[in-house]
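K.L.:
Sequence and predicted model, in that order:
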Amino acid sequence: MDEQEFDQFAQEYDALLRDSIGASGEGPEYFARYKVKDMADVFSRQSPDLSVTSVLDFGGGVGASLPYLSEYFPQADITLADVSRRSLEYAARREIPRVSILHFDGKRLPLPDNHFDAVIAACVFHHIPETEHIALMAEIRRVLKPKGLFFIFEHNPWNPLTRKVVDNCPFDENAVLITGPELRRRMKNAGFAKVDVAWRIFVPGALRAIRPVERWLEWLPLGAQYRAVGSA
């Protein structure tokens, strides 16, 4: 993970992202919220009796997910970890209660074993060299509690609009998109015994009234993004 690469975009991150996704008819807030809501929905289905008290926002950058993590997991202490010190400065300015800001070296998280109920990596791994993926996923598994869940959200390279958005986004210049099946394979190689993949974001903002149908399309690998959930 390259600290300097993300330091240079920290100040303009929101504006650059908003401009690059304009064709979707939604702003960055929509994409950040849907991911965290997905997390909460999965927990309510798979572990309804589990109270989520600790969440790691891995590679959380300027903290776009923090307001929604705080909203959907109000009992949780949240840790945002990133390699970009400048991005972390902007995340800290949000001053959201129960949030800790953590710089790490891109290799090992300075955190104890079995610490988090949930980990989210929101569109992070396509920025990381592929040779580092399995080791980092194993590191995340180390800090995850035995019944915890690891959520990865990624852009779907099989969606042509997604490829266009990524190609036009300045901070995605060096991005290497990952297919859902390949990401599942890497997560399993990192030690996650079960990995479920669901495709997301089929309906643009102009047609948001029909978005309820999306829940019936998660099997179709044509959504703009996808979600992989790993459990030990």
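P.N.:
Happy to help now that I have it. None of these values were measured; they are calculated from a predicted model.
K.L.:
Which strand residues bridge the residue lying closest to Q46 once chain neighbours are set aside?
P.N.:
The shortest distance from Q46 to any residue other than its chain neighbours is 7.3 Å, reached at L149 (CB to CB, 6 or more residues apart in numbering). Just so you know, the C-beta spots here come from the backbone N, C-alpha and C atoms, and that holds for glycine as well. Using DSSP bridges, the beta-bridge partners of L149 come out as A118, S231.
K.L.:
what about the closest residue in space to A64 that isn't next to it in sequence, distance to F202?
P.N.:
Distance criterion CB to CB, 6+ apart; nearest residue to A64, sequence neighbours excluded, is A32 at 4.6 Å. Using CB to CB, to the nearest Å, A32 is found at 18 Å from F202.
K.L.:
measure D105 to R142 for me?
P.N.:
15 Å.
K.L.:
Compare the two and say which is more crowded by neighbours.
P.N.:
R142 (16 against 10; other CB atoms under 10 Å).
K.L.:
if I read this right, the more buried one contacts D113, doesn't it?
P.N.:
Yes - with contacts counted by CB atoms under 8 Å, R142 reaches D113, the gap being 5.6 Å.
K.L.:
which residues does the residue nearest the centre of the chain bridge with?
P.N.:
Residue closest to the average C-alpha location in the chain (CA atoms, centre = their mean): A122, at 1.3 Å. Beta-bridge partners of A122, counted by DSSP bridges, are F153.
K.L.:
what about it, distance to F73?
P.N.:
14 Å.
K.L.:
Check G59 too.
P.N.:
18 Å.
K.L.:
all strands of this protein, in order?
P.N.:
Using DSSP state E, the strands of the chain run over 54-58, 77-82, 99-103, 116-122, 144-155, 194-200, 225-231.
K.L.:
Would you format the ones you listed as CSV with mean pLDDT included?
P.N.:
Formatted as CSV, these follow (pLDDT from 0 to 100):
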stretch, mean pLDDT
strand 54-58, 98
strand 77-82, 98
strand 99-103, 97
strand 116-122, 97
strand 144-155, 96
strand 194-200, 97
strand 225-231, 96
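K.L.:
Can you say which of those is nearest to R211?
P.N.:
strand 194-200 (10.6 Å; CB to CB).
K.L.:
Parallel or antiparallel, list what pairs with that closest one.
P.N.:
Per DSSP bridges, strand 194-200 is paired in its sheet with strand 225-231 (antiparallel).
K.L.:
Hmm, R200 and Y34 touching each other?
P.N.:
Yes - taking contacts as CB under 8 Å, Y34 lies within contact range of R200: 7.2 Å.
K.L.:
Now do the contacts for V55.
P.N.:
L69, F73, A76, D77, I78, T79, F116, D117, A118, V119, I120 (CB atoms under 8 Å, 6 or more residues apart in numbering).
K.L.:
Distance-wise, check L66 relative to Q46.
P.N.:
24 Å.
K.L.:
ditto for W158
P.N.:
26 Å.
K.L.:
In terms of neighbours, single out the busier of those two.
P.N.:
W158 (16 against 13).
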